[in-house]
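Chemist: Return atomic coordinates for the entry below.
(chains A and B)
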There are 2 protein chains.
Amino acid sequence: MKRRSALAIAVATLASVCAYLLTASGHADEKSAPAYVTEMPAGYRDWKVVSVAHEAGKLNSIGFVLGNDIAIKAYREGKLPFPDGAIIAAVHYSHVPSDENNKAFGDKQSFVPGVATNIQFEVKDSKKYAATGGWGFGHFSANGKPADATFMQTCFPCHKPAAATDLIYTHYAP
Amino acid sequence: MKRRSALAIAVATLASVCAYLLTASGHADEKSAPAYVTEMPAGYRDWKVVSVAHEAGKLNSIGFVLGNDIAIKAYREGKLPFPDGAIIAAVHYSHVPSDENNKAFGDKQSFVPGVATNIQFEVKDSKKYAATGGWGFGHFSANGKPADATFMQTCFPCHKPAAATDLIYTHYAP
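Modeler: Okay, here's the model as predicted:
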């Protein structure tokens, strides 16, 4: 872990230096900051299902993960890394009990989506998002407002441990 | 409840008598048994998402609910009852912890689909399935084997309390 941390610091330092040099040499400032997704991809609610997930604890979330046709094809063929153009969307809601379902089951067991909480995207573009493993990350509140740059810096480090599956945690549910 | 039970028994008795008379008068036996879905609708895994659900307790299930284009259109337009041709599929898996996700979150909070358990369908055909509220119910094990007639008799009674939403419990997750 220490060696990896040292390497990470070295890489980060090098990246910062490079970014500074690029800016100083007249390149646009935007090259120094990792790019992320600031507009929700159109039509995502019509995409096919990759899987679902339930996050207990503080998140208390239930949601579904969708993929555009390029992403779904790659998932089904087990193709890694995902090709450019693949987009994965995670649509999250609060995890709430369903009184209606519980009555039908005769037991307090059923949980369904409550209020919409956020929508997250991963957009594969190996050139545009080269600094973050080829994926552009996006996080939007339920009303479509994108998260700020500080928040967005947390996405890539959290996905890095999933390197074996091209930084994607969600597996396809057959 | 007592009045409803008495009514239910009366209706069931009447139905049995009618079924007997139909059989006795030369009609096919199949008319006496409620029809249900015995073949999985093709292509359902490509349909759009209606919602997701988590059943705790004995079921210990997580899954997604899909709709064909007719069903999704009706859901989005709030159109009830669902028109003939609408099909809704509920794809269920065991609800298992994800060690991989938990490591990333740093907490034991994440649950994902484990083994596929069953797939349930509701097919709207107001004539064919008139005896069960216009819906043909289907239940298949993960390997595609349909449930037997005894099991299938439990579907309609359980869905009857959802009369206000045309016997469908799952609400559309926007």
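
Chemist: hey, let's count contacts and neighbours off CA atoms from now on
Modeler: OK.

Chemist: In the longest strand anywhere in chain A, which residues are buried?
Modeler: Longest among the strand segments of chain A by residue count, using DSSP state E, is strand A:110-124. Judged by neighbour count (16 or more other C-alpha atoms under 10 Å in any protein chain shown), strand A:110-124 contains these buried residues: A:110-114, A:116-124.

Chemist: show me what contacts the nearest residue to residue A:135 once chain neighbours are set aside?
Modeler: Using C-alpha to C-alpha, 6 or more residues apart in numbering or on different chains and skipping the chain neighbours, the partner closest in space to residue A:135 is residue A:124 (4.6 Å). Neighbour list for residue A:124: A:82-87, A:134-136 [criterion: C-alpha atoms under 8 Å, 6 or more residues apart in numbering or on different chains].

Chemist: likewise residue A:62?
Modeler: A:52-55, A:92-95, A:112-113, B:52-53.

Chemist: Dump those into CSV; add distance to residue B:45 as well.
Modeler: Listed next are the contacts of residue A:62 as CSV, based on distance: C-alpha to C-alpha, whole Å:
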residue, distance to residue B:45
A:52, 14
A:53, 17
A:54, 20
A:55, 24
A:92, 20
A:93, 22
A:94, 25
A:95, 24
A:112, 20
A:113, 21
B:52, 14
B:53, 17
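
Chemist: Which helix or strand lies directly C-terminal to the lowest-mean-pLDDT helix or strand in chain A?
Modeler: Within chain A, confidence by mean pLDDT, DSSP states H and E is lowest for helix A:2-24 among all helices and strands, at a mean of 38. For helix A:2-24, the succeeding helix or strand toward the C-terminus, using DSSP states H and E, is strand A:48-55.

Chemist: Show me the contact partners of that next one.
Modeler: Residues contacting strand A:48-55 (C-alpha under 8 Å, 6+ apart): A:60-69, A:72, A:75, A:95, A:170-173, B:45-49, B:52, B:54, B:62-64, B:109-113.

Chemist: Sheet-wise, list the partners of that strand with their directions.
Modeler: strand A:61-67 (antiparallel), strand B:110-124 (antiparallel) (DSSP bridges).

Chemist: now do the same end-to-end measure for stretch A:41-49.
Modeler: Stretch A:41-49 has its terminal residues 16 Å apart, counting by C-alpha to C-alpha, to the nearest Å.

Chemist: Now do it: distance to the chain's middle.
Modeler: Put simply, stretch A:41-49 sits 15 Å off its chain's centre (C-alpha atoms, centre = their mean, to the nearest Å).

Chemist: Likewise for stretch A:114-133?
Modeler: Relative to the mean C-alpha coordinate of its chain, stretch A:114-133 is positioned 4 Å out (C-alpha atoms, centre = their mean).

Chemist: and it, C-alpha only, in CSV?
Modeler: Extracted in CSV, the C-alpha atoms of stretch A:114-133 (Å, rounded to 0.1, in the frame of the first residue of the first chain):
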residue,chain,number,x,y,z
GLY,A,114,-39.3,6.3,-2.8
VAL,A,115,-38.2,9.8,-3.9
ALA,A,116,-35.6,10.0,-6.8
THR,A,117,-32.3,11.0,-5.3
ASN,A,118,-29.6,11.1,-8.0
ILE,A,119,-28.5,9.9,-11.4
GLN,A,120,-24.9,8.9,-12.1
PHE,A,121,-23.3,8.4,-15.5
GLU,A,122,-20.1,6.9,-16.9
VAL,A,123,-19.4,7.9,-20.4
LYS,A,124,-16.6,6.1,-22.2
ASP,A,125,-14.4,8.4,-24.3
SER,A,126,-10.8,7.2,-24.1
LYS,A,127,-9.4,10.5,-25.4
LYS,A,128,-11.6,13.1,-23.8
TYR,A,129,-11.5,11.4,-20.4
ALA,A,130,-8.0,10.0,-20.6
ALA,A,131,-7.1,11.5,-17.2
THR,A,132,-9.8,9.4,-15.5
GLY,A,133,-9.3,6.0,-17.1
